[in-house]
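Visitor: Sequence first, predicted model second:
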Amino acid sequence: MYMVDGYGEGNDPVIVKSQFIMSLVERIDQKGVSPQQKSIIDRCTAEVYREAEKTGITPILSILREKLAKLLNISAEQMSYVTNADAGCGLIKYGSSLVPFVNRFPRSTKLYQLMTTRPGEGCFSRGQA
C-alpha cells in the first residue's frame, strides 16, 4: 500500500489509493459496494494515509483492517471471526448487533454450491468449479 512521491499524477493521492482499494473490494465481491460501504472505505483510507504521512510508516492492509474495525466498533474477539478465520466462520450484522457464526456444510451438497463464497467454487464460478 506504498505511495511514492507523485503518486496519482496530480490528483489527490489518497483519493487515487481509495479508488484502488475499492477496485480490489469490487473484484472480491462481484455484487459491488454500497454507498455506505464506499464511504467507510474512503474514510479509513484517508485516516491511514494521514497517519502514515505523520509517522513515515508505510501502511499495510492489516492497518486498514484495524481502522475499519475501530470505525465500525468491532471488538478484537469479533475480529477473530474475520481475520484468518476458517471457511464458514464470520460475522453477521443483525440490526445494530454483530453476531459471530460458525456454519459448515459438506462440500458435496447443492446447498454448499449455492452458498459458497470461496473464489472459483460454486454455481456462480462461471464453470470453474
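Guide: Noted; the coordinates are in hand. Residues are numbered from 1 along each chain as shown.
Visitor: Of all the residues in the helix ranked longest in the chain, which ones are buried?
Guide: Longest helix of the chain, by residue count under DSSP state H: helix 35-55. For helix 35-55, burial by neighbour count (16 or more other C-beta atoms under 10 Å) applies to Lys38, Ile40, Ile41, Asp42, Cys44, Thr45, Ala46, Glu47, Val48, Tyr49, Ala52. Heads up, the C-betas are built off the backbone N, CA and C, glycines and all.
Visitor: Which helix or strand contains Arg107?
Guide: Here Arg107 sits in a region with no helix or strand, counting by DSSP states H and E.
Visitor: next one: Glu66
Guide: Secondary structure here is read from DSSP H and E; on that basis Glu66 sits in helix 61-71.
Visitor: contact partners of that helix?
Guide: The set of residues external to helix 61-71 that reach it, using C-beta atoms under 8 Å, 6 or more residues apart in numbering, is Met1, Ile21, Ile40, Ile41, Arg43, Cys44, Thr45, Glu47, Val48, Ile74, Met79, Thr83.
Visitor: contacting residues around the residue nearest in space to the middle of the chain?
Guide: In the chain, the C-alpha closest to the average C-alpha coordinate belongs to Val25, at a distance of 6.1 Å (C-alpha atoms, centre = their mean). When contacts are counted by C-beta under 8 Å, 6+ apart, Val25 is found next to Val33, Gln37, Ile41.
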